[in-house]
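Visitor: need a structure here:
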Amino acid sequence: MKKSKNVSFIVTAVVALTVGILIGKLLPDKGENAHKGAHQEATTWTCSMHPQIQVSEPGKCPSCAMDLIQLKKGMAHDHASRILTMSESSKALAEIQTTVVKRDFPEVEVRLVGKIDFDETREKSLTARFPARIEKLFVNYTGIPVKAEEHLAVVYSPDLLSAQREFLTSHRSNPDSSITRAAREKLRLWDLLPEQIEEILEKGEASDHFVLKAPTGGVVVEKNVKEGDYVKTGQPLFRIVDLSVLWVYLDAYESDLSWLRYGQGVDFTVEAIPGETFHGQIAFIEPELNRKTRTVSVRVIIPEPDRRLKPGMFVRGIVQSKLAGHGKVYAPELSGKWISPMHPEIISDEPGKCNVCGMDLVPVESLGYFDKDAEGAPLIIPTSAALRTGKRAVVYVEQPKASTPTYEGREVSLGPRAGDHFIVTEGLAEGEKVVTKGAFKIDSALQIHAQPSMMNPGTDATQSKLPETPSIQIEAELATKIWKPYLAIQDALVNDNLVKAKSEAKAMMDITGHQGALPDLLHKMLAAETLDAMRKPHFETLANGMIAVAKANPQALEGEIFLMHCPMVHGDHGADWLQTNDKLVNPYFGARMLRCGKLKENLKPSITEPE
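Guide: Residues are numbered from 1 along each chain as shown. I've put the predicted structure just below:
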């Protein structure tokens, strides 16, 4: 009996075990499914242009209709900041290179072009001081070099004859009388040289012929009389220029002005004398920009005793300049010196007076030069380290204590560019390492991972505020009248037709008149020179005004009203517009991105009759 019970128990156990195995095979494997689920969660698809779009399956981007791409593996990332960690092999594959942030004076070579001209301070004009007739010309053509007190012409003048007689008569009567002194002064004011006046006294008689002499040495560049001409008092006769010192007028662009200072040395060449370099100093920088050429004239003084350079010659100038930051220039050769504010060639180690004009010398630091005793060299980085989008600049900084290559994106404030370097005013410290090669690859990886980057600053604390949405108030009654012109302007922008858009804006102005906020906006649209200028912000302002009417009173506008949105306007800030159908066409980009955008809302659905 006992043996029978044991056999029964064994049979029952075997049957139970068999059934359990069969049930186990029929039930799904939770571990395998969990593994599959984890694998599926690890596969994420995103848009290369809109990294905020992340889905679990491939397809089209809902914003721009581009094919979604799969997120790459092998790189760790911190979604809270611009930080990317990669393996050593990934770093080598991306060819990442870094450079140490340092303090130095970046040097730039400013190239300028211009022409040689006369030194205006060395021009002398000889005018007629009394009525006369030109009897003989010794200088009968321009370009003749003359020395001081050389004869220029012989003139006949009865007035001068009378003045000489008055002088001789008074001198014979009393040489020291006031009348004699007045008569002598009259002759001097008539440009008679002291030796000519003494010659009249020696001869003791007056002459109706007089020799005009050069008041200074130089070249006669202008002759306004001929033999036999009668001249009146004040009439110009000759213009004489001393060419031992010349001026060079160089044209500097606006972007070059931060490098140029009064007193700087300028090297230049002329095509007439190849292989030779001449040197001068900046003596004046025009205070006003030429509105036609968009340049500023810079005047350079050139000593030229050999007279090889000629006014009118074309020159090419070079200024070697070092920038010290804060808009100052570093010139070691002028550091601690004193300079004349009128004559830059007068430089002294101590304060004093200019020996040319007598003005007080001023310290060079007061003219915009770097003061080595008060300031330090600026921070600089190679230009290849900065990724710029116009208003923002991002650099990637290597984390020194990380166990694997780690790079942090950081927004920085940049000063002017100097050759291959930028001056950094904020955001970096001396000794940090910035990525100079491969920075764009790092930024692209962050974009794909939907992290803050150059193009997608995200919610980082340093992100600049988004621009305010421009709008204009339009009354519903007026909106009804301008609805069709608005759609016509929009259609012209969709088709990249600026002329048509302006024509429709003019048609809208015929409805609105010329006074008020909306006509002012239309005037701006008519003045726009490019499609982009008309689209942003002028058309956007108009569109937002019409959208406000459509939302508040959709019945004021004829037909269906579809509210569309493009997220790419203003660097992903986005902009809206209205359409009368749901086939999206983008007026902000036209043919460039015609289908970029999405339908936000149907503001006035069509009413269909119930069946």
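Visitor: residues contacting residue 127?
Guide: By Cβ atoms under 8 Å, 6 or more residues apart in numbering, the residues touching residue 127 are 234-237. Yep, even glycine has a C-beta here, placed from its N, CA and C like the rest.
Visitor: can you list phi and psi of it for me?
Guide: Main-chain dihedrals, residue 127, degrees, to the nearest 10: phi -120, psi 160.
Visitor: next, count neighbours for residue 320.
Guide: 14 (other Cβ atoms under 10 Å).
Visitor: er, residue 389 I mean
Guide: Neighbour tally, residue 389, other Cβ under 10 Å: 11.
Visitor: and it, how far from residue 164?
Guide: Note on residue 389: its distance to residue 164, by Cβ to Cβ, to the nearest Å, is 82 Å.
Visitor: returning to that earlier point: which one of the contacts of residue 127 is nearest to residue 328?
Guide: residue 236 (45.9 Å; Cβ to Cβ).
Visitor: surely the closest one and residue 129 touch.
Guide: No - in this structure, residue 236 is not within contact of residue 129 by Cβ atoms under 8 Å, at 11.6 Å.
Visitor: ok so, going back, return the subset of the contacts of residue 127 lying in strands.
Guide: Cross-referencing the contacts of residue 127 against strands under DSSP state E gives 236-237.
Visitor: can you put the contacts of residue 127 in TSV and add pLDDT?
Guide: Shown next, in TSV, are these (pLDDT from 0 to 100):
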residue	pLDDT
234	88
235	91
236	92
237	92
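Visitor: which two from the contacts of residue 127 end up farthest apart in space?
Guide: 234 and 237 (10.4 Å).
Visitor: what about these two, which has more around it?
Guide: residue 237 (23 against 9).
Visitor: what sits against that one?
Guide: 126-128, 152-153, 212, 223-225, 231.
Visitor: from residue 229, how far out is it?
Guide: 9 Å.
Visitor: then residue 189?
Guide: Residue 189 is 22 Å from residue 229, by Cβ to Cβ.
Visitor: pick out whichever of these two has more residues nearby.
Guide: The neighbour comparison of residue 189 against residue 229 (other Cβ under 10 Å) goes to residue 229, with 15 against 10.
Visitor: hang on, that one packs against residue 134?
Guide: Yes - with contact defined as Cβ under 8 Å, residue 229 counts as touching residue 134 (4.8 Å).
Visitor: buried set for stretch 353-372?
Guide: The neighbour-count check on stretch 353-372 (16 or more other Cβ atoms under 10 Å) flags 354, 361, 364-365, 367-370 as buried.
Visitor: I meant stretch 279-297, not that one.
Guide: For stretch 279-297, a neighbour-count test (16+ other Cβ under 10 Å) marks 280-283, 285, 295-297 as buried.
Visitor: kindly export that stretch (C-alpha atoms) in CSV.
Guide: In CSV, the C-alpha atoms belonging to stretch 279-297 read as follows (Å, rounded to 0.1, in the frame of the first residue of the first chain):
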residue,chain,number,x,y,z
HIS,A,279,58.4,106.8,-44.3
GLY,A,280,56.0,109.4,-42.8
GLN,A,281,53.9,110.1,-39.8
ILE,A,282,50.1,110.4,-39.4
ALA,A,283,49.4,114.1,-38.7
PHE,A,284,45.7,114.2,-39.0
ILE,A,285,42.6,111.9,-39.1
GLU,A,286,39.5,113.4,-40.6
PRO,A,287,36.7,113.7,-38.0
GLU,A,288,34.0,112.9,-40.6
LEU,A,289,33.4,109.9,-42.8
ASN,A,290,33.1,110.3,-46.6
ARG,A,291,29.5,109.3,-47.2
LYS,A,292,30.1,108.3,-50.8
THR,A,293,33.3,106.2,-50.4
ARG,A,294,32.6,105.2,-46.7
THR,A,295,36.2,106.0,-45.9
VAL,A,296,38.1,108.4,-43.6
SER,A,297,41.0,110.5,-45.0
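Visitor: name the surrounding residues that touch it.
Guide: So stretch 279-297 is contacted by 247-254, 257, 260-268, 298-303, 319, 343-345 (Cβ under 8 Å, 6+ apart).
Visitor: for it, the averaged confidence score.
Guide: Stretch 279-297 shows a mean pLDDT of 91.
Visitor: shared neighbours of residue 234 and residue 237, which are they?
Guide: Common neighbours of residue 234 and residue 237 (criterion: Cβ under 8 Å, 6+ apart): 127-128.
Visitor: roughly how far out does stretch 139-157 sit from the chain middle?
Guide: 52 Å (Cα atoms, centre = their mean, to the nearest Å).
Visitor: can you offset everything so residue one is 762?
Guide: Okay, residue one is now 762; in that scheme the one you just asked about reads as stretch 900-918.
Visitor: mind listing what's buried along that stretch?
Guide: In terms of neighbour count (16+ other Cβ under 10 Å), stretch 900-918 has its buried residues at 900, 905, 907, 913-918.
Visitor: in strands, which of those residues appear?
Guide: Using DSSP E, the buried residues of stretch 900-918 in strands are 907, 913-917.
Visitor: show me where the stretch 1062-1211 of the chain dips below the pLDDT cut-off.
Guide: Applying pLDDT under 70 to the stretch 1062-1211 of the chain picks out residues 1134-1135, 1151, 1208-1211.
Visitor: strands of that one, start to end?
Guide: 1075-1086, 1089-1091, 1099-1100, 1108-1109, 1123-1124, 1140-1143, 1148-1149, 1154-1159, 1167-1172, 1174-1179, 1182-1187, 1194-1198 (DSSP state E, counting those that start in this stretch).
Visitor: quick one: closest of these to residue 831.
Guide: Nearest to residue 831, of the strands of the stretch 1062-1211 of the chain and by Cβ to Cβ, is strand 1167-1172 at 22.7 Å.
Visitor: where exactly do the strands run in the stretch 812-961 of the chain?
Guide: Using DSSP E, counting those that start in this stretch, strands in the stretch 812-961 of the chain cover 815-816, 830-831, 837-839, 844-846, 858-861, 863-864, 868-879, 884-888, 893-898, 906-907, 912-917.
Visitor: restricting to C-alpha, output stretch 1349-1369 in CSV.
Guide: The C-alpha trace of stretch 1349-1369 is given here as CSV (Å, rounded to 0.1, in the frame of the first residue of the first chain):
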residue,chain,number,x,y,z
TYR,A,1349,9.7,84.8,-45.0
PHE,A,1350,12.1,82.6,-47.0
GLY,A,1351,10.4,82.2,-50.4
ALA,A,1352,12.0,79.7,-52.7
ARG,A,1353,14.8,79.0,-50.2
MET,A,1354,12.6,77.3,-47.7
LEU,A,1355,9.1,77.4,-49.4
ARG,A,1356,7.6,74.6,-47.3
CYS,A,1357,9.3,75.3,-44.0
GLY,A,1358,6.7,75.7,-41.3
LYS,A,1359,3.5,74.2,-40.0
LEU,A,1360,-0.2,74.9,-39.6
LYS,A,1361,-0.9,76.3,-36.1
GLU,A,1362,-4.7,76.9,-36.2
ASN,A,1363,-7.7,77.2,-38.5
LEU,A,1364,-9.1,80.6,-37.2
LYS,A,1365,-12.3,80.4,-39.2
PRO,A,1366,-13.3,76.9,-40.4
SER,A,1367,-15.7,76.8,-43.3
ILE,A,1368,-19.4,76.2,-42.4
THR,A,1369,-20.8,73.1,-44.1
